[in-house]
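**Q** Okay, predicted coordinates and the sequence, questions at the end:
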Amino acid sequence: MPEGDVVWLTARRLREALAGRPLTRSDFRVPRFATADLRGRTVLAAEPRGKHLLIRVEGGLTVHTHLLMEGRWRIGPAGPPPRDHRVRLVLANAEWQASGYSLGLVELLRTAEEDTAVGHLGPDLLDPAWDGGLAAEAASRLAGRPDQAIGEALLDQTLLAGIGNVYKAEILFLRGVHPWTPVRDVPDLQGLVELAHRLLDLNKARHGHITTGDLGRGREHWVYGRAGRPCRRCGARIERRDQASRVGERATFWCPRCQPAPG
């Protein structure tokens, strides 16, 4: 599942290609909105909200999409629409065409009603207005789940929006916290939230989730995807186990020495 930084970069590219230009193609390939036609309307903005994308157009309408596990957008010069069963939405102007592949969600709603789609989300880690107040709110929401494992809580977008499985594993390693530690036993929740914000912010304008500071291929992560390999810090064997989340079991990685088990 794409994480908040990937969605932020996708929104920027959609904005650069579509904003300020009238649409010449509007092709919704989902049954509910198959007859919707946005041609002639100017795209006003393309904004990320956690892992959601909001494309606003003239007339008070918003195209709301979510990439879920496999979705992606391809942007290229205007041309014939793609003939691919995976495409769920095509938006184009005279210069550029944006095609949404395998999008998990596509809907059209009134801009004034965007909160019905994203109002349930917690503070967005890449909110342009991010400050200590939003960090404190996110920490407070986490603290409201004292008995939940921190690895589960970090993936709950209603508590804070933008963290996915990669950042969950890496943040917990960097803070020395075992993924199954109850939230109540995690020291300095606000510091953990601020670390999450910094990591996403540092990576938002580039491909890849770099958490080690090393851009070399295969050296980007501390523990994620490294089960059975030695910890980069202490040499212990990295562990892997599935952990519950709101979208089902997700693989979790940790170092048993750097992140000792609770109790």
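**A** The structure has been received and is ready for your questions. All values derive from a computational prediction rather than experimental measurement. Numbers count the residues shown, from 1 in each chain.
**Q** Quick one: the strands in the stretch 101-250 of the chain, in order.
**A** 105-110, 239-243, 250-254 (DSSP state E, counting those that start in this stretch).
**Q** quick one: which of those strands is nearest P187?
**A** Across the strands of the stretch 101-250 of the chain, P187 has its closest neighbour in strand 250-254 (16.7 Å, Cβ to Cβ). Bear in mind the C-beta positions are built from the backbone N, C-alpha and C, glycine included.
**Q** which parts of the closest one are buried?
**A** R250, T252, F253, W254 (16 or more other Cβ atoms under 10 Å).
**Q** First-to-last residue distance for stretch 256-263?
**A** 13 Å (Cα to Cα, to the nearest Å).
**Q** let's number from 31 now, not from 1
**A** From this message on, residue numbering opens at 31, which makes the last subject stretch 286-293.
**Q** could you dump the strands of the stretch 131-280 of the chain to JSON lines with mean pLDDT?
**A** Putting the strands of the stretch 131-280 of the chain into JSON lines (pLDDT from 0 to 100) gives the following:
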{"stretch": "strand 135-140", "mean pLDDT": "97"}
{"stretch": "strand 269-273", "mean pLDDT": "95"}
{"stretch": "strand 280-284", "mean pLDDT": "94"}
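**Q** Using a markdown table, lay out these together with distance to R59.
**A** As requested, the strands of the stretch 131-280 of the chain are exported to a markdown table (distance: least, Cβ to Cβ, whole Å):
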| stretch | distance to R59 |
| --- | --- |
| strand 135-140 | 8 |
| strand 269-273 | 33 |
| strand 280-284 | 29 |
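**Q** picking up where we left off before, quick one: which two of the buried residues of strand 280-284 are the most distant?
**A** Counting by Cβ to Cβ, the most remote pair of these is R280 and W284, 13.0 Å apart.
**Q** any idea how far T242 is from L151?
**A** Noted for L151: a distance of 29 Å to T242, by Cβ to Cβ, to the nearest Å.
**Q** ok, the two, which is more surrounded?
**A** L151 (18 against 13; other Cβ atoms under 10 Å).
**Q** Model confidence score at the closest residue to the more buried one other than its chain neighbours, please.
**A** Closest residue to L151 apart from its sequence neighbours, by Cβ to Cβ, 6 or more residues apart in numbering: A191 at 4.4 Å. Per-residue pLDDT puts A191 at 97.
**Q** what sits against T282?
**A** By Cβ atoms under 8 Å, 6 or more residues apart in numbering, T282 lies in contact with G181, N195, K198, A199, P209, R270, R271, D272, Q273.
**Q** Could you do R271 as well?
**A** With contact taken as Cβ under 8 Å, 6+ apart, R271 is in contact with A281, T282.
**Q** From G238, how far off is E46?
**A** 20 Å.
**Q** same check, this time on G130
**A** Using Cβ to Cβ, one gets 22 Å for the distance from G130 to G238.
**Q** more neighbours, the two?
**A** Using other Cβ under 10 Å as the criterion, G130 and G238 rank with G130 on top: 26 against 13.
**Q** in the sheet, who's paired with that one?
**A** Taking DSSP bridges as the rule, G130 bridges to W103, L119.
**Q** Am I right that V73 is in a strand?
**A** Yes. Counting by DSSP: H, G, I helix; E, B strand; the rest coil, V73 is found in a strand.
**Q** Thanks again, I'm all set now.
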